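Peer 1: Generate coordinates for the sequence data below:
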Amino acid sequence: MIKSQIYINPDRRYPSHYMYTMNDLKTLSSEKFQQLCRTTHESFEKLVSKIQDDKTFQNSSQNKQHNPAIQLAVALSRLGSNGNEATLGKIGMLFGISHGAIVLYTQRLIQILMKLKHKVIVWPAIEQQRDMSQVMQAEGFPW
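Peer 2: Numbering: from 1, shown residues only. Next up, the predicted model:
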């Protein structure tokens, strides 16, 4: 059968039943949460508390922005993934949002982190570097 309609810009939204909510994120096990957001629950909550009141999350539009914590989770998931895991489609399905929203949330996070870089971005201490190195070696990555 031949398609009778062709769309130049196909719909990139996903059904909302796929969408993670804040409650879903809070109830994920530590392991699952780290796989999704690439950080611990505790570090995530600290970062949310530092960024949630930023003007970047406020607008004068009638369309209310998504919860800053969800935007953070989306951006961290995207930035912490590579290969097929980093595709907009995959992340869109996980969170039930459009490709454009994923890009926008990522841009917002980077913009905010650049403002707060001296407060929230730190290089791991020597002991933490050693711990990470051991984990990476155990996973098969030579250092």
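
Peer 1: Averaged pLDDT, stretch 23-31. What do you get?
Peer 2: For stretch 23-31, the mean pLDDT works out to 85.

Peer 1: List of residues touching it?
Peer 2: 33, 36-37, 40-41, 69-70, 73 (C-beta atoms under 8 Å, 6 or more residues apart in numbering). Just so you know, the C-beta spots here come from the backbone N, C-alpha and C atoms, and that holds for glycine as well.

Peer 1: Residue 63: which of those residues is nearest?
Peer 2: Using C-beta to C-beta, residue 70 comes nearest to residue 63 of these, at 14.9 Å.

Peer 1: In this structure residue 89 contacts residue 99, no?
Peer 2: Yes: taking contacts as C-beta atoms under 8 Å, residue 89 lies within contact range of residue 99: 7.4 Å.

Peer 1: quick one, which of the two is more surrounded?
Peer 2: Shown here are residue 89 and residue 99; by other C-beta atoms under 10 Å, residue 99 has more neighbours (15 against 12).

Peer 1: Just among the contacts of stretch 23-31, which is most surrounded?
Peer 2: residue 73 (28 neighbours).
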